[in-house]
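# Just need the structure, nothing else, for what follows:
(one chain, ligands or ions: 1)
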Amino acid sequence: MSEAVEDAAALVEVRAGIHAWVQPDGSWWLNNAGAITTASGQLVVDTCATATRARRFLDALGAATGQAPKLAVNTHQHGDHTYGNSLLPAETVIIGQEKMREGLRVDPIIDGCPPFWSPVPDWGDVERRLPDVTVAEALTVHLGERRVELRHPGGPAHTTGDLVAWVPDERVLFTGDLVFAGLTPLVFMGSVAGALAAVDWLAGFQPEVVVPGHGPILNGDEIARVLDEHRRYYRLVLQAGADGIEHGLSPLNAARAVDLGEFAGWADAERLVLNLHRYYADHDGKELDLIAAFTDAVAYNGGPLPTRV
Ligand SMILES: [Zn+2]
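Sure thing, here's the model as predicted:
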């Protein structure tokens, strides 16, 4: 079952009772979400960045399933996956990793997006809504007979508070932003080495269907191919960071020295600068300077980062 809606966002039933909400083209702020639905209740996986987009997703899901969400999980703190939380029914119980909850609690971008993007996103009528239940490492949700296993990769990866949602009986894995399918991965609020390690961790689930945080749904052999792309990209970032430090380059100049090669065609290439800021911060044992990192990403891009959110 699928339902095309405005701007080609679509609800796709990847297995019986398991839906993915896919928002092309998956670039800045255009995330994927989803839900697992049984006669015993519904678990939503992530919301969307704006009130309009979150409402569109939840309306399509309600029309397809005839249910209101009993539970929701945020795969991580970023606004494209969480700002729409306040569009969920008041009685929906929201779950998140404990560091994810703290990250959203102090997130300044929901209060007004800085002009690093063009046009500057307007979130609409959303309010900060934090998880009611936090998880450190693992939690299993039981929707009748169906298990949904929420798992943390064990350390920083895309962010410090990532969770995946794994449906073992159908081998469907919602990865959040541990996977960007066909788009430049982003790890500036996590760890480059941690994200690389998390690729092996994801592969260990042996999924048949992957719903990435951004980009198209992956089936079968596509999964190993895309995970390998992530491994190669993270190794490129690690090498660029090591080379940049060896040659005394700033993160921006280290990024400019990189030949993106097979990754040159991916959207949001300027994330290389953000990812190198993370590499440098970890190398130096310092906090990442978000403003400096985005200022450099805009410089690399030659102007504000495009978005269509
Ligand atoms: Zn993210």
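# ok, the residue nearest the centre of the chain - contacts?
Centrality entry for the chain: nearest residue to the mean C-alpha point is D177, 2.7 Å, by C-alpha atoms, centre = their mean. Going by C-beta atoms under 8 Å, 6 or more residues apart in numbering, D177 touches 31, 75-76, 78, 81, 158-159, 162, 185-186, 212-214. (Each C-beta comes from the backbone N, C-alpha and C, glycine too.)
# average pLDDT for the host helix or strand of it?
For D177, the host element (DSSP states H and E) is strand 172-180. Mean per-residue pLDDT for strand 172-180: 98.
# go on, stretch 61-77?
Here the average pLDDT along stretch 61-77 is 98.
# circling back to that earlier point, parallel or antiparallel, list what pairs with the strand holding D177.
strand 164-167 (antiparallel), strand 209-214 (parallel) (DSSP bridges).
# gap between it and the chain center?
7 Å (C-alpha atoms, centre = their mean, to the nearest Å).
# next one: stretch 231-243
20 Å.
# quick one: buried residues of it?
For stretch 231-243, a neighbour-count test (16 or more other C-beta atoms under 10 Å) marks 233-234, 236-238, 240-241 as buried.
# nearest spatial neighbour of D122, skipping sequence neighbours?
T50 (7.1 Å; C-beta to C-beta, 6 or more residues apart in numbering).
# for the one you found, what are its contacts?
T50 makes contact with 83-84, 121-124, 126, 309, according to C-beta under 8 Å, 6+ apart.
# ok, now T52?
Applying C-beta under 8 Å, 6+ apart to T52 gives the contacts G124.
# Tell me the residues of the stretch 151-300 of the chain that contact the ion?
Counting by C-beta under 5 Å from the ion, the stretch 151-300 of the chain comes close to the ion at D177.
# Could you give me the buried positions within stretch 60-71?
Buried positions in stretch 60-71, judged by neighbour count with 16+ other C-beta under 10 Å: 60-61, 64-65, 69-71.
# which stretches of the protein aren't confidently modelled?
The model of the chain has pLDDT under 70 over residues 1-6.
# Secondary structure element holding the residue nearest to D289 when sequence neighbours are not counted?
Nearest residue to D289, sequence neighbours excluded (C-beta to C-beta, 6+ apart): H277, at 7.3 Å. According to DSSP H and E, H277 maps onto helix 271-284.
# hey, C-alpha coordinates of the next helix-or-strand element following that helix in CSV?
Heading C-terminal from helix 271-284, the first helix or strand you meet, by DSSP H and E, is helix 290-301. Taking Å, rounded to 0.1, in the frame of the first residue of the first chain, the C-alpha atoms of helix 290-301 are listed here in CSV:
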residue,chain,number,x,y,z
LEU,A,290,28.7,24.5,16.1
ILE,A,291,28.7,28.1,14.9
ALA,A,292,32.2,27.9,13.5
ALA,A,293,31.5,24.5,11.9
PHE,A,294,28.4,25.7,10.1
THR,A,295,30.1,29.0,9.1
ASP,A,296,32.8,26.9,7.5
ALA,A,297,30.2,24.6,5.8
VAL,A,298,28.5,27.6,4.3
ALA,A,299,31.9,28.9,3.1
TYR,A,300,32.7,25.5,1.5
ASN,A,301,29.3,25.5,-0.2
